[in-house]
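# Predicted coordinates and the sequence they were generated for:
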Amino acid sequence: MQNESLAEHLSGCDDCLEAMLEQSLGQPVPVRIPEGFARRVASQCAEPSVLPYAVAAACLLFAVLSAWLLAGGWLAGVRSLLADPTRWSAWLLAAGAVQTLALTAWLWRVART
Ligand SMILES: [Zn+2]
């Protein structure tokens, strides 16, 4: 009953509404910090992630290889080689297998973090 009349009054009186909000927001909310919270946060910060460096290194390697292929005029050769699977050599298949393994390992690592 008291809450209803208070709400009714506050809906029509901006001064009281503002005063009530000021008082409510000014009171500190009691918060209980979980046990070992600071230690857990600190331990997570202390563990450096190598992932961004791995991605940056992969992008850099890709850019260098692409520039190397373009500069050597080998891109057309690579394209014609990829277009004809009968010309695929053992080293190309091995490179593809290594690449697939590396990508799978990277995805597995990403999925675990
Ligand atoms: Zn009022």
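Yes, it's here. Residues are numbered from 1 along each chain as shown.
# alpha carbons only for contacts and neighbour counts from here, please
Noted.
# How far off centre is the longest helix anywhere in the chain?
Assignment by DSSP state H gives helix 90-112 as the longest helix of the chain. Averaging C-alpha positions (CA atoms, centre = their mean, to the nearest Å) puts helix 90-112 21 Å from its chain's average.
# got the buried residues for that helix?
The neighbour-count check on helix 90-112 (16 or more other CA atoms under 10 Å) flags nothing as buried.
# Quick one: mean pLDDT over it.
Averaging pLDDT along helix 90-112 yields 85.
# How about residues contacting it?
Applying CA atoms under 8 Å, 6 or more residues apart in numbering, the external contacts of helix 90-112 come out as L51.
# same question, stretch 41-58
V110.
# Send over it as PDB, restricted to the C-alpha atoms.
What follows is stretch 41-58, C-alpha atoms only, in PDB (Å, rounded to 0.1, in the frame of the first residue of the first chain):
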ATOM      1  CA  VAL A  41      42.700 -13.300 -12.200                       C
ATOM      2  CA  ALA A  42      46.400 -12.900 -11.600                       C
ATOM      3  CA  SER A  43      47.200 -16.400 -12.700                       C
ATOM      4  CA  GLN A  44      45.200 -15.900 -16.000                       C
ATOM      5  CA  CYS A  45      47.000 -12.700 -16.700                       C
ATOM      6  CA  ALA A  46      50.400 -14.200 -16.000                       C
ATOM      7  CA  GLU A  47      49.900 -16.900 -18.700                       C
ATOM      8  CA  PRO A  48      50.900 -15.400 -22.000                       C
ATOM      9  CA  SER A  49      49.100 -16.600 -25.100                       C
ATOM     10  CA  VAL A  50      51.300 -17.600 -28.100                       C
ATOM     11  CA  LEU A  51      48.300 -17.700 -30.400                       C
ATOM     12  CA  PRO A  52      48.300 -14.100 -31.700                       C
ATOM     13  CA  TYR A  53      52.000 -14.500 -32.600                       C
ATOM     14  CA  ALA A  54      51.400 -17.800 -34.300                       C
ATOM     15  CA  VAL A  55      48.600 -16.200 -36.400                       C
ATOM     16  CA  ALA A  56      50.800 -13.200 -37.200                       C
ATOM     17  CA  ALA A  57      53.700 -15.500 -38.200                       C
ATOM     18  CA  ALA A  58      51.400 -17.600 -40.400                       C
END
